[in-house]
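Undergrad: Build the 3D model from these lines:
(one chain, ligands or ions: 1)
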Amino acid sequence: MTGGAVTGGARALVVGGGGREHALAWALARSPRVREVLASPGNAGTAELGRNLPDPGDVQALARAAVDEAVDLVVIGPEAPLVAGLADTCRAHGLLVYGPSAAAARLEASKVEAKAFMQRHGVPTAAATTCHDEAGALAHLRAHGAPIVVKRSGLAGGKGVTVALDLATAERAVRAAFAAGDRALLLEDFLEGQEVSLLVVCDGRTALPLPLVQDYKQAYDGDRGPMTGGMGTVAPVGLLDRAALGEVMERVVHPTLDGMRAEGTPFVGTLFVGLMLTPAGASVLEYNVRFGDPELQALVPLFDDDLFDLLDAAARGRLGGRSLRWRAGAATCVVLAAPGYPEAPRTGTPLTIPPDLGDEVLVFHAGTRRQDGRLLSAGGRVLNVVGYGPDRRSATARAYAAAARIAFPGVHYRHDIGARLDAP
Ligand code: GLY
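TA: Numbers count the residues shown, from 1 in each chain. Coordinates of the predicted model:
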């Protein structure tokens with residue numbers, strides 16, 4: 001099944017059920033090569049574009065479902081199924097897959113392993129110490145002093161990093177990590193600068209960078225409050241010119257892809273590099289092994305190419321010689337979150353999305369479901385409102401005008417998405 005090119009109408013399966021997966025399904029459905037988009041488990045948004053399949057709960061059953069549905073390309077959204085080996089299992093069933101193997105997904109599954117990988121391959125990153133027990137970590141903290149960054153090693157839904165400006169905060173984060181059963185964490189030097197997300201589509205050897213994105217990860221305006229999966233994004237971000245991006249590709253992306261190949265775990269999928277742009281140059285904060293959520297939502301309105309064609313080519317190892325087309329302009333994504341998010345989101349709230357939000361506004365569903373014909377919230381991040389415009393200001397104004405019309409009881413969202421880029 002992985003052999004020839006798809007002819008006569010392809011069926012794509014998107015794995016996951018958040019805003020990123022609705023955005024993926026939306027972009028895939030626009031491809032002239034795609035006949036049907038399936039999502040597992042999907043959400044109320046993906047159901048409007050195609051067909052949702054129930055989440056069978058394990059990678060073997062999901063791969064078998066994809067075979068039964070004669071899926072031509074499996075696109076895996078979230079990190080958890082990648083780390084659990086879904087891409088490997090699908091490939092073992094003869095399916096074509098966009099997404100890294102479990103072995104390659106270790107770049108996100110273990111921050112300790114990712115740091116060691118960067119050090120082995122000379123990828124610029126902050127100095128860090130790995131600690132395996134609470135007493136050792138607390139002793140290191142006291143010797144090092146604040147500020148310092150405490151990073152849980154395993155998957156934590158984007159909430160495993162504490163930037164501690166004082167020792168008490170760092171100690172609390174260390175104690176909480178070991179109390180939760182963690183076996184290792186990183187204590188990393190604090191870096192100052194602008195944080196940006198560089199997403200790169202990879203076929204194991206060739207890497208195509210997407211426009212730079214900035215994510216706003218804390219729950220409240222002014223970068224205050226608890227960490228979330230991401231409360232909004234803007235793209236493109238003009239903080240790296242062509243030469244500086246070229247340098248990041250040379251010093252970060254290519255050594256990463258070459259290192260993964262040399263270690264026998266070639267990377268096929270989206271390499272998401274979290275970068276801190278410091279006065280001394282770009283430094284890698286973390287790797288993720290999939291499209292960012294909500295980074296992708298701000299990229300799809302700018303994408304002027306065929307997503308199915310791109311991901312299909314990446315999955316086949318055929319990105320060489322390819323370039324991507326992008327629309328001019330900018331996009332802003334605002335995440336509408338449920339009351340109580342991120343600590344204890346309340347769900348089941350009825351939602352109404354006005355049909356006349358305008359041509360330059362997209363609404364991607366994140367945590368939503370339909371029950372008896374009614375649209376209800378079903379997760380912490382509920383809807384992603386994306387505005388497109390000739391520049392960031394107009395895109396942001398459109399996103400916020402639409403968000404104000406969709407607001408549901410108890411909703412909260414940030415009012416300053418993009419503002420960091422306006423700071424002097
Ligand atoms: N928005 C951050 C992430 O996808 O991990």
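Undergrad: Can you give me the buried ones in stretch 297-317?
TA: Going by neighbour count (16 or more other CB atoms under 10 Å), the buried part of stretch 297-317 is 297-303, 306-316. Quick note: C-beta positions are derived from backbone N, CA and C, even for glycine.
Undergrad: got the end-to-end distance for that stretch?
TA: Start and end residues of stretch 297-317 are separated by 25 Å (CA to CA, to the nearest Å).
Undergrad: That stretch and the ligand, any residue contact?
TA: No. Judged by CB under 6 Å from any ligand atom, stretch 297-317 makes no contact with the ligand; its nearest approach is 9.8 Å.
Undergrad: how far out from the middle of the chain is that stretch?
TA: Distance of stretch 297-317 from its chain centroid, counting by CA atoms, centre = their mean, to the nearest Å, is 15 Å.
Undergrad: Could you pull up the mean pLDDT of it?
TA: Regarding stretch 297-317, the rounded mean pLDDT is 98.
Undergrad: how close does the most centrally placed residue in the chain get to residue 250?
TA: Taking CA atoms, centre = their mean, the centroid of the chain lies closest to residue 292, which sits 1.4 Å from it. Note on residue 292: its distance to residue 250, by CB to CB, to the nearest Å, is 22 Å.
Undergrad: quick one on the thing from earlier: isn't the residue nearest to the centre of the chain up against residue 199?
TA: Yes. When contacts are counted by CB atoms under 8 Å, residue 292 is listed as touching residue 199 (6.2 Å).
Undergrad: Which neighbours do those two have in common?
TA: Shared contacts of residue 292 and residue 199 (CB atoms under 8 Å, 6 or more residues apart in numbering): 213, 272.
Undergrad: closest point of the stretch 301-424 of the chain to the ligand, which residue?
TA: When scored by CB to the nearest ligand atom, the stretch 301-424 of the chain has residue 335 as its residue closest to the ligand, at 9.7 Å.
Undergrad: Per-residue pLDDT of that residue, please?
TA: 98.
Undergrad: Please apply the same query to residue 56.
TA: What the model reports for residue 56 is a pLDDT of 89.
Undergrad: Give me the nearest residue to it, chain neighbours excluded.
TA: residue 62 (5.3 Å; CB to CB, 6 or more residues apart in numbering).
Undergrad: quick one: that neighbour from the ligand, how far?
TA: Look at residue 62 and the ligand: by CB to the nearest ligand atom, to the nearest Å, they are 21 Å apart.
Undergrad: quick check, that residue in a helix?
TA: Yes. Residue 62 forms part of a helix when assessed by DSSP: H, G, I helix; E, B strand; the rest coil.
Undergrad: Quick one, grab the pLDDT at it.
TA: 98.
Undergrad: is it true that it touches residue 15?
TA: Yes. The criterion here is CB under 8 Å, and residue 62 meets it with residue 15 at 7.0 Å.
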